[in-house]
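A.B. asks: just a sequence and a predicted model for now, questions to come.
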Amino acid sequence: MILGIVTALVFVLTAAVFVTNRLPASSRLRRAAHAAHRPLGYALVALCVVHLVLALKLFYQRPLALFLLGFAMTACAVFACCWKALFPKNPKRGLLLHKISGLVMAALLIAHVLVCVNSFVVYQQEMAAVTLAGVSAKDVPDGVYEGSCDVGYIQARVQVTVSDGEMTSIDLLEHRNERGTPGEGVVDRMLAAQTTDVDSVSGATNSSRVIRRAVENALNGAKSAQIIPSGS
């Protein structure tokens, strides 16, 4: 998120040259904006590429539109930096397309921010809808059961082994998160307490809740779910 904010800020500074063009030619602000325009443009391209590459690890946790918009913004930034090389014999046309690419990138950036904000709001709503009842394996037949919970930004899939009414193991098959890896410590808490009614790991509350919900889903669906024979 911080890198995205920095990228947006660099874009604003890069595009400032179009605003300062209205100032007198002798204006220091105008001269400074023109002097910084090209290096800021190159920095913008580098930031777009780095931001996009780093964000790929979240590909399955974010809306596809975010990545499509990111690719489009990067393409616009690259074109804006290369317009002179692309139109050496027609600089007026190149400059016009340079300005158009800047406007397009501004629109894409606004759309990117809106999609990002909307996806975060949806995530918060789905996270708020995650309820925890505090489930044990007391009445669950022996077997191995799978359960999952997906709230978009965080996803967990677990395999719970039950024997004699107790959870003997909880295997975390999948846990997609950003900084919620410490939340995996909630597994040991549930095994020790033999219930999902345990405290979440501090600093990884949402991941902890998603993992706990996945275990509850596995146990609640035990009677109807297909049992994987022990030792298979």
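C.D. replies: Thanks, I have the structure now.
A.B. asks: would you state the helices of the chain in chain order?
C.D. replies: With DSSP state H as the criterion, the chain has helices at 2-20, 28-55, 64-86, 91-128, 186-193, 205-220.
A.B. asks: now do the third one: which elements does it pack against?
C.D. replies: Packing partners of helix 64-86 (3 or more CB pairs under 8 Å, 6 or more residues apart in numbering; DSSP states H and E): helix 28-55, helix 91-128. All C-beta spots, glycine's among them, are computed from the backbone N, C-alpha and C.
A.B. asks: now those helices as TSV including mean pLDDT?
C.D. replies: Listed next are the helices and strands packed on helix 64-86 as TSV, based on pLDDT from 0 to 100:
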stretch	mean pLDDT
helix 28-55	92
helix 91-128	94
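A.B. asks: please name whichever of those is nearest to residue 168.
C.D. replies: Closest approach to residue 168 among the helices and strands packed on helix 64-86 is made by helix 91-128 (29.6 Å; CB to CB).
A.B. asks: show me which residues of that closest one are buried.
C.D. replies: Within helix 91-128, the residues scored as buried using 16 or more other CB atoms under 10 Å are 94, 97-98, 101-102, 104-105, 108-109, 111-112, 115-116, 119, 123, 126-127.
A.B. asks: looking at the helices of the chain, which is nearest to residue 149?
C.D. replies: helix 205-220 (4.1 Å).
A.B. asks: quick one on the thing from earlier: possible to save the helices and strands packed on helix 64-86 as TSV with distance to residue 186?
C.D. replies: TSV is the format used below for the helices and strands packed on helix 64-86 (distance: least, CB to CB, whole Å):
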stretch	distance to residue 186
helix 28-55	27
helix 91-128	15
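A.B. asks: residues in contact with residue 50?
C.D. replies: By CB atoms under 8 Å, 6 or more residues apart in numbering, the residues touching residue 50 are residue 3.
A.B. asks: hey, which strand is longest across this structure?
C.D. replies: strand 166-176 (DSSP state E).
A.B. asks: let's see that strand as CSV, backbone CA atoms only.
C.D. replies: What follows is strand 166-176, C-alpha atoms only, in CSV (Å, rounded to 0.1, in the frame of the first residue of the first chain):
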residue,chain,number,x,y,z
GLU,A,166,-10.9,-35.1,20.3
MET,A,167,-9.0,-33.1,17.6
THR,A,168,-5.7,-35.0,17.4
SER,A,169,-4.2,-32.8,14.6
ILE,A,170,-5.1,-29.7,12.6
ASP,A,171,-3.1,-29.4,9.4
LEU,A,172,-3.1,-26.0,7.7
LEU,A,173,-3.2,-26.9,4.0
GLU,A,174,-3.5,-23.3,2.8
HIS,A,175,-3.2,-19.9,4.3
ARG,A,176,-3.2,-16.9,2.0
